[in-house]
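could you look at this predicted model? Sequence included:
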Amino acid sequence: MKTNIFAKSLLFIASIAIINIVSVSQNCSKQSLCKPDKNDGFDYSSQSRYASLSSGDKSRLYITTYVNCAYKISVCSEESLGQLHYKIFEKVREKKKVIRDFVRGEAQTITDDDGNQTSAEAPIIDTIYDVQITLKEVEIFDSSNGNNVWQTNKVDKTKNLVLELYIPKKEQSTNGCVNLLVGTKRPTKSYMGKLKNLKD
């Protein structure tokens, strides 16, 4: 009887420990792995994210950068995931002029010396073109080069960026939290006011 009670107690304690471990590992929203600099003037509230990932995972996230704004991006993870790295790609539209069709004229009939007639191929009198648009991803940053923070002082036009995150593979799979910190600094608005004449 005592053995049975002892076994049940151990089972209960183990189940509580497992629940606590799972709840902590899955609650990545409460973990601030990347520490933002409060004095750098960036706002980190709009596009920053968190996730629970496993070793060997590859994840893609989409970020929009707006014209005239400055951006600062960094990625941090729990030690259990190892040394992760990430790349940033810019989506670039490419326009290419391609031939859609040919406009042909009237085919000519050719008669040889023996009176045999053959039809020549109708000549091309006009060409119809189309514009083909392709979307490709151009790499603009790779954290494996030694720097973990990507920063730009001013975006020349609104762009769609893709952040590709690589979690290193391990012999034993582990889970952990990852923080993506996206800082935005909007341009300061300048204005001109009217000065009042000061009296002596």
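Thanks, I have it.

walk me through the domains of this protein.
Using automatic domain parsing, the domain parsing of the chain gives 1-30, 31-100+132-185.

return the most buried member of those.
With neighbours taken as mean count of other Cβ atoms under 10 Å, the domains of the chain reach their highest mean count in domain 31-100+132-185, at a mean of 15. Glycine gets a C-beta too; all of them are placed from N, C-alpha and C.

quick check: most distant residue from the centroid of the chain.
Distance from the C-alpha centroid of the chain peaks at residue 114, with 72.1 Å (Cα atoms, centre = their mean).

so where is this structure shaky, pLDDT-wise?
Where the chain drops to pLDDT under 70, the residues are 1-26, 30-31, 189-200.

can you map out the helices along it?
2-26 (DSSP state H).

for the residue nearest to the spatial centre of it, which non-adjacent residue is closest in space?
For the chain, the residue nearest the mean C-alpha position is residue 162 (1.6 Å; Cα atoms, centre = their mean). Counting by Cβ to Cβ, 6 or more residues apart in numbering, residue 162 lies nearest to residue 89, which is 4.4 Å off, once chain neighbours are set aside.

contact partners for the one you found?
137-140, 161-162, 164 (Cβ atoms under 8 Å, 6 or more residues apart in numbering).

most widely separated two among those?
138 and 164 (12.7 Å; Cβ to Cβ).
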